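Engineer: I would like to see how this sequence folds:
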Amino acid sequence: ERRLRDPVQPVLRADVPVTLRLAVVLPLAVALAYAGCERRVGGSFSKGKGRRGISRGASAQDPHGSRADQRSRPRPGGGARRVLVFSAKWCPSCSRLHKQVLAAPEGARLLEGIPLEMVDFDKAPDRVAKHSVTGLPTTVFLDGRGRELDRIEGFDGPGEYLAQARAILGGRDMLSLLEDGLRRRPDSLELRYKIGRKLLGRGREKEAMAHYDKVLAADPKNRTGLVGKILVHRARYLVRVKRDPGAAVAYLKAAVKRVPGGRAGESLRFWLAHALCLSGRPAAAVEVVDEQVRLRGRKAAALILAAGLRRKCRGGYELQRALGQVREALAKAPANDWAWYLLAAISGKLGRKAEARRAIARALELAPGSPFYEGEARRIGLGR
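Structural biologist: I've put the predicted structure just below:
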């Protein structure tokens, strides 16, 4: 009866050979240790789907899961102590972000207890430069010491935005994930581009540019499309963060030659014209956008960009020409609310008040509830 209760006891007697004792006791000890470990970690060895003994997120080759998988699991709290949202009143995506997420119940619940600060892009150039903001909207998550944990650039809808925000607040470190991926796939240009962008956002300019330079050297003909993205991002960085339009002009002239076509080429030409305006060279700036209008076959989008640049450059340059361009654009795209706004703004500068009021009213019809258009309507005198 005693031997049934304690199967180890009989082999511990002195008359049993040592080798026999070890042959029985060691396997039992290992089994008991395994069982105790399983209880201590909450059964993680047995919860995995698929093969028994492999944890969730692991494989037969890597039974503990990859480092990237471990880092992607949220850490409670995440360390975020403050959230900055860079936006502007003229930015449609910023308005959608505020309405669909930040002012909505789900967004309020997600950020409960975390101070949220809205930063006006146009009124805080020093903060834009400090946080390397190159596009709008940009949401920056900071820890208790003011260091960036991660950011969300742009707004592609509430679902995608909330998913990214939850991951960041849960402790995801996307930069570390990308760097882990690059160690496994050192030839991946896509990962280098993403790492460079993350590093530039955190002010680590030298490291970021080293990654960008490797992509530019590896893809001289822009076959991946990444070269165009890098050139545009560097241009925005020079203009908005470094605030060096002279350097931006020199850089962009070379960039346009390297990537003359496609969406990247169009963006590069726009930023070249913008940098020329900031450098006090409006005639050269409008020459660039007019060339783009010609290359695009006088399409509405190119006409709108050209008219918008003339309106902004030096507070208004060749406004009569701009008025003609935006009217031509509206004949081709009558449902474009931004074109109607430009018509209102340019007409107002030229003293054509009635046309300005009609145009902003039409913009509001096409984009009802737009805070920016409503503000412009009040300024022009519609009484809205």
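
Engineer: poorly predicted segments of the stretch 51-200 of the chain, please.
Structural biologist: Within the stretch 51-200 of the chain, the segments meeting pLDDT under 70 span 51-78.

Engineer: hey, where'd the strands end up in it?
Structural biologist: Taking DSSP state E, counting those that start in this stretch as the criterion, the stretch 51-200 of the chain carries its strands at 82-87, 116-120, 138-142, 148-153.

Engineer: deepest of these, which one?
Structural biologist: Highest mean neighbour count among the strands of the stretch 51-200 of the chain (mean count of other Cβ atoms under 10 Å): strand 138-142, with a mean of 22. The C-beta positions use only the backbone N, C-alpha and C, and glycine is treated the same way.

Engineer: same for it, what does it pack against?
Structural biologist: The contact analysis (3 or more Cβ pairs under 8 Å, 6 or more residues apart in numbering; DSSP states H and E) places strand 138-142 against strand 82-87, strand 148-153, helix 158-169.

Engineer: elements contacting the longest one?
Structural biologist: With contacts defined as 3+ Cβ pairs under 8 Å, 6+ apart, the packing partners of helix 158-169 are helix 105-110, strand 138-142, strand 148-153.

Engineer: can you do 7 Å?
Structural biologist: Contact partners of helix 158-169 among helices and strands, from 3 or more Cβ pairs under 7 Å, 6 or more residues apart in numbering; DSSP states H and E: helix 105-110, strand 148-153.

Engineer: still on that earlier bit, wait, which of the helices and strands packed on strand 138-142 is closest to Gln325?
Structural biologist: Closest to Gln325 of these is strand 82-87 (Cβ to Cβ; 27.9 Å).

Engineer: which residues touch that closest one?
Structural biologist: Strand 82-87 is contacted from outside by 94, 102, 111, 114-119, 121, 128, 131, 133, 136-142, using Cβ atoms under 7 Å, 6 or more residues apart in numbering.

Engineer: next one: stretch 143-161
Structural biologist: 79-81, 93, 96-97, 100-101, 135, 137-142, 164-165, 168, 174, 201-202.

Engineer: what does stretch 329-337 give?
Structural biologist: Ala300, Leu303, Ile304, Ala307, Ala339, Trp340, Leu343, Ala363, Leu366, Ala367.

Engineer: buried set for that stretch?
Structural biologist: Buried residues in stretch 329-337, counting neighbours by 16 or more other Cβ atoms under 10 Å, are found at Ala329, Leu330, Ala333, Asn336, Asp337.

Engineer: how far does that stretch stretch from start to finish?
Structural biologist: Start-to-end span of stretch 329-337 (Cα to Cα, to the nearest Å) is 11 Å.

Engineer: quick thing: my sequence starts at 12, can you match it?
Structural biologist: Right, with 12 as the first residue, what we last looked at is stretch 340-348.

Engineer: tell me the gap between it and the middle of its chain.
Structural biologist: For stretch 340-348, the separation from the chain centroid amounts to 30 Å (computed by Cα atoms, centre = their mean, to the nearest Å).

Engineer: ditto for stretch 306-322
Structural biologist: Worked out by Cα atoms, centre = their mean, stretch 306-322 lies 27 Å from the chain centre.

Engineer: what are the buried residues along it?
Structural biologist: Quick answer for stretch 306-322 (16+ other Cβ under 10 Å): Ala311, Ala312, Ala313, Leu314, Ile315, Leu316, Ala317, Ala318, Gly319, Leu320, Arg321, Arg322.

Engineer: list the ones among those that fall in helices.
Structural biologist: Among the buried residues of stretch 306-322, the members found in helices (DSSP state H) are Ala311, Ala312, Ala313, Leu314, Ile315, Leu316, Ala317, Ala318, Gly319, Leu320, Arg321, Arg322.

Engineer: OK, contacts around Ala374?
Structural biologist: Asp348, Trp351, Tyr352, Ala355, Tyr384.

Engineer: tell me the secondary structure at it.
Structural biologist: Classification of Ala374 using DSSP: H, G, I helix; E, B strand; the rest coil returns helix.

Engineer: nearest spatial neighbour of it, skipping sequence neighbours?
Structural biologist: Using Cβ to Cβ, 6 or more residues apart in numbering and skipping the chain neighbours, the partner closest in space to Ala374 is Trp351 (4.0 Å).

Engineer: would you verify that that neighbour is located in a strand?
Structural biologist: No. Trp351: not assigned to a strand; according to three-state DSSP it is helix.
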